[in-house]
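Participant: the sequence and its predicted three-dimensional model are supplied below.
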Amino acid sequence: MKIFRLVLLLAVLVGGLVIGSLNSQPIQISLAFWMLKTTSGVAIIASLLLGALVGGGMVMAGLVVPMYAKLRRANKVVAAANAAAAPAETTQSPSPFDGR
């Protein structure tokens with residue numbers, strides 16, 4: 001699994017280098033009150049990264065967080081059921097017999 005991750009990391013790195021080197025034309029991005037001057041390769045890679053982060057955030061907000069909340073509620077119900085099913089322990093003084 002570690003080798004697979006390393007190969008995947010290297011493939012993504014090489015892909016980013018290829019995109020950056022093949023798209024070296026300077027561009028200007030106008031963001032209302034701010035002008036960003038960069039190359040088209042950097043803009044492509046930054047937009048892909050931003051899209052992945054926004055998509056991951058949407059998945060977290062839409063699926064993962066509600067699933068964790070549902071899991072917490074289910075764990076509370078199970079803990080309450082286990083506590084109700086367990087016999088109540090009475091407080092007794094310790095026996096003088098030590099079991100030997």
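Facilitator: That came through fine. These numbers were taken from a predicted model, which means no experiment stands behind them.
Participant: in what helix or strand does L6 lie?
Facilitator: Secondary-structure assignment from DSSP states H and E places L6 in helix 2-22.
Participant: helices or strands up against that helix?
Facilitator: If you count contacts as 3 or more Cβ pairs under 8 Å, 6 or more residues apart in numbering; DSSP states H and E, helix 2-22 packs onto helix 40-59. The C-beta positions use only the backbone N, C-alpha and C, and glycine is treated the same way.
Participant: name the helices or strands packed onto the helix it packs on?
Facilitator: Against helix 40-59 (3+ Cβ pairs under 8 Å, 6+ apart) you get helix 2-22, strand 26-31.
Participant: next, the buried residues of that helix.
Facilitator: By neighbour count on 16 or more other Cβ atoms under 10 Å, the buried set for helix 40-59 is S40, G41, V42, I45.
Participant: residues contacting that helix, please?
Facilitator: For helix 40-59, the surrounding residues in contact (Cβ atoms under 8 Å, 6 or more residues apart in numbering) are G16, I19, G20, S21, L22, N23, S24, Q25, P26, I27, I29, T38.
Participant: follow-up on the earlier one: any chance of the buried residues of helix 40-59 in JSON lines, plus pLDDT?
Facilitator: Output for those, formatted as JSON lines (pLDDT from 0 to 100):
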{"residue": "S40", "pLDDT": "91"}
{"residue": "G41", "pLDDT": "89"}
{"residue": "V42", "pLDDT": "89"}
{"residue": "I45", "pLDDT": "90"}
